[in-house]
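# here is my input, please return the structure:
(2 chains)
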Amino acid sequence: GAVVSQHPSRVICKSGTSVKIECRSLDFQATTMFWYRQFPKQSLMLMATSNEGSKATYEQGVEKDKFLINHASLTLSTLTVTSAHPEDSSFYICSAKAGDYGYTFGSGTRLTVV
Amino acid sequence: GQQLNQSPQSMFIQEGEDVSMNCTSSSIFNTWLWYKQDPGEGPVLLIALYKAGELTSNGRLTAQFGITRKDSFLNISASIPSDVGIYFCAGQRLSGNTPLVFGKGTRLSVIA
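Next comes the predicted model:
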């Protein structure tokens, strides 16, 4: 089946620094990947749609200059949280659609900004 | 962003009992999906529904795509402790590589 690998699973960073999260499709090509954010005891909220070879489409209220998305290949999308602040602490999850396999999710990244 | 109306928000049940949860929307969806999320993990697909009226089973799980295409339910029969987790419904409004819309989740606790 389709597997999406997300790395790192946990990261702690200092306020003001940047953090990069990787999302890889291991056994399929994904022209489109999705980035979600999840606060404790809440649902997944779509942040942006990542398109291979083109700019990402951001949801209303999501700052594109703060959450940089790069989808340079058919198997890798990255989300960089720039100048992170404590309020950016959250669980970030990526997803990709793989043809007949439907939507597959990564295992998530727990970001803590101190 | 848009979210689906999922209920109940949480459930506490005895082991062996059956469970039912549902999602509704004011919009039509082409696809309904049910996921389970364990703490600190990403959602894992349980059942996918692609046609209005479709009834699909996966072991002790059964889900249906509402005939109006605006709702779906998930039933779990004979619950066991490992069923504990958060269950999310998700819908895809348009075909192709469009994002999913999620429900708020149902937190299931199973008492042995």
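
# residue A:112: what's its closest spatial neighbour, skipping adjacent residues?
In this structure, residue A:112 finds its nearest non-sequential neighbour in residue A:12, 4.6 Å apart by Cβ to Cβ, 6 or more residues apart in numbering or on different chains. (C-beta placed from N, C-alpha, C; glycine too.)

# what lies in contact with the helix or strand containing that neighbour?
Here residue A:12, judged by DSSP states H and E, is contained in strand A:10-13. Residues from elsewhere that reach strand A:10-13, judged by Cβ atoms under 8 Å, 6 or more residues apart in numbering or on different chains: A:19, A:21, A:84, A:109, A:110, A:111, A:112, A:113, A:114.

# of those residues, buried ones?
A:19, A:21, A:84, A:109, A:111, A:113 (16 or more other Cβ atoms under 10 Å in any protein chain shown).

# out of those, the closest to residue B:39 would be?
residue A:109 (14.4 Å; Cβ to Cβ).

# the closest one: what's it in contact with?
Taking Cβ under 8 Å, 6+ apart, one finds A:6, A:7, A:8, A:9, A:10, A:11, A:21, A:91, A:92, A:93 in contact with residue A:109.

# hmm, 6 Å instead?
A:6, A:21, A:92 (Cβ atoms under 6 Å, 6 or more residues apart in numbering or on different chains).

# run through the bridge partners of it.
Applying DSSP bridges to residue A:109 gives these bridge partners: residue A:92.

# quick one, helices of chain B?
Along chain B, no segments are classed as helices by DSSP state H.

# how near is residue B:85 to chain A?
13 Å (Cβ to the nearest Cβ, to the nearest Å).

# residue B:87 now?
Remark: distance between residue B:87 and chain A (Cβ to the nearest Cβ) = 11 Å.

# for residue B:50, same thing?
Applying Cβ to the nearest Cβ to residue B:50 and chain A gives a distance of 9 Å.

# for that residue, give me the pLDDT.
For residue B:50, the model assigns a pLDDT of 92.

# inside strands: which ones of the contacts of strand A:10-13?
The strands, defined by DSSP state E, take in A:19, A:21, A:109, A:110, A:111, A:112, A:113 from the contacts of strand A:10-13.

# ok, now which ones touch the residue lying closest to residue A:81 once chain neighbours are set aside?
Sequence neighbours aside, residue A:19 is the residue nearest to residue A:81 in space, at 4.8 Å (criterion: Cβ to Cβ, 6+ apart). Counting by Cβ under 6 Å, 6+ apart, residue A:19 makes contact with A:11, A:13, A:81, A:84.
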